[in-house]
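K.L.:
Kindly generate the corresponding structure for this input.
(one chain, ligands or ions: 2)
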Amino acid sequence: MENRVFPVFVPSDGKKVIVFGGGKIASRRVRSLMEFDFDVTVVSSSITEEIRDFADAGRLTYIEGRYRPSYIDDQFMVIACTDDREVNRSIGFIAKEHGCLVSVCDSKEECNFFFPAIAVNDEVTAGIVGSGRTHHITKRAAAEVRKIIEGKAY
Ligand SMILES: C[C@@]1(CC(=O)O)C2=NC(=C\c3[nH]c(c(CCC(=O)O)c3CC(=O)O)Cc3[nH]c(c(CC(=O)O)c3CCC(=O)O)/C=C3\N/C(=C\2)[C@@H](CCC(=O)O)[C@]3(C)CC(=O)O)/[C@H]1CCC(=O)O
Ligand SMILES: NC(=O)c1ccc[n+]([C@@H]2O[C@H](COP(=O)([O-])OP(=O)(O)OC[C@H]3O[C@@H](n4cnc5c(N)ncnc54)[C@H](O)[C@@H]3O)[C@@H](O)[C@H]2O)c1
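P.N.:
Ligands and ions are numbered 1, 2, ... in the order given. Now for the predicted structure:
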């Protein structure tokens, strides 16, 4: 039971979430966040087409540029998804100083929560994470749960 994490489910209700980085992992996480009522900001010098589409549709705020600590001031949740180890480390450190929830995508030790694989519909929400050793197992388990919840096979 040593590696077990406990799921906590909180209302999204307009809470502020900031994502640093605009690549493949950031895009997958933004896609998940868009299923909820978060107020999302993405900070990155480049973004995927998917994030660009959300920004163009007015569903998130895009700040073209690099990470600055001051962006973290009033956030509920912070997602460090750049491909720069030192930048991600700094984001984790500053976010914890501000009492934010923070996921650092290249270091589970620097997270104070794990970003889950999500399956959601109007009735149920499932969040799945692994121990941190088993990313592919998490992915496979999530695919099965999505078949049930998003395919509404129940
Ligand atoms: C659930 C999911 C959510 C999401 O990301 O949306 C997610 N990881 C997913 C996939 C995935 N992650 C990785 C690969 C490539 C694996 C390979 O090639 O071997 C793949 C497969 C893929 O991408 O296809 C690599 C990886 N992941 C982490 C590290 C750093 C470390 O372990 O220290 C590294 C090494 C990075 C590097 O090498 O630098 C850390 C974390 N990843 C987490 C979540 C958190 C909980 C742990 C978990 O449950 O896995 C945790 C601990 C922290 C956090 O990030 O909050 C998503 C499934 C989404 C879905 O299926 O919908
Ligand atoms: N947790 C996971 O699920 C998981 C899975 C695979 C890889 N990873 C790790 O995630 C990281 C990102 O992977 P990716 O495939 O998204 O990379 P990517 O190259 O597609 O994207 C990196 C993004 O970071 C942005 N960036 C770089 N420096 C920045 C800064 N100072 N401020 C703001 N944005 C900045 C770039 O503009 C780019 O948009 C890698 O470190 C990788 O090791 C995590």
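K.L.:
shouldn't Thr41 be in contact with Glu64?
P.N.:
No: under the contact definition of C-beta atoms under 8 Å, Thr41 does not touch Glu64, with a separation of 11.6 Å. Heads up, the C-betas are built off the backbone N, CA and C, glycines and all.
K.L.:
Mind checking which of the two has more residues around it?
P.N.:
Per other C-beta atoms under 10 Å, whichever of Thr41 and Glu64 has more neighbours is Thr41, with 16 against 12.
K.L.:
Is that one within a helix or a strand, and which one?
P.N.:
Taking DSSP states H and E as the criterion, the element that holds Thr41 is strand 39-44.
K.L.:
Domain boundaries for the chain, per the record?
P.N.:
Dividing the chain into domains by automatic domain parsing, as the record does, gives the ranges 16-115, 116-154.
K.L.:
Of all these, which one is nearest Met1?
P.N.:
domain 116-154 (10.7 Å; C-beta to C-beta).
K.L.:
Report the buried residues of that closest one.
P.N.:
By neighbour count with 16 or more other C-beta atoms under 10 Å, domain 116-154 contains the buried residues 116-119, 125-130, 138, 141-142, 145-146, 149.
K.L.:
So which of these sit within helices?
P.N.:
Using DSSP state H to define helices, the subset of those located there is 138, 141-142, 145-146, 149.
K.L.:
Can you give me the neighbour number for whichever residue of the chain sits closest to ligand 2?
P.N.:
For the chain, the nearest residue to ligand 2 under the criterion C-beta to the nearest ligand atom is Gly23, separated by 1.9 Å. Taking other C-beta under 10 Å as the neighbour definition, Gly23 ends up with a count of 16.
K.L.:
how much space between the most centrally placed residue in the chain and Arg4?
P.N.:
Geometric centre of the chain, nearest residue: Arg29, 4.4 Å, by C-alpha atoms, centre = their mean. Distance from Arg29 to Arg4, counting by C-beta to C-beta, to the nearest Å: 23 Å.
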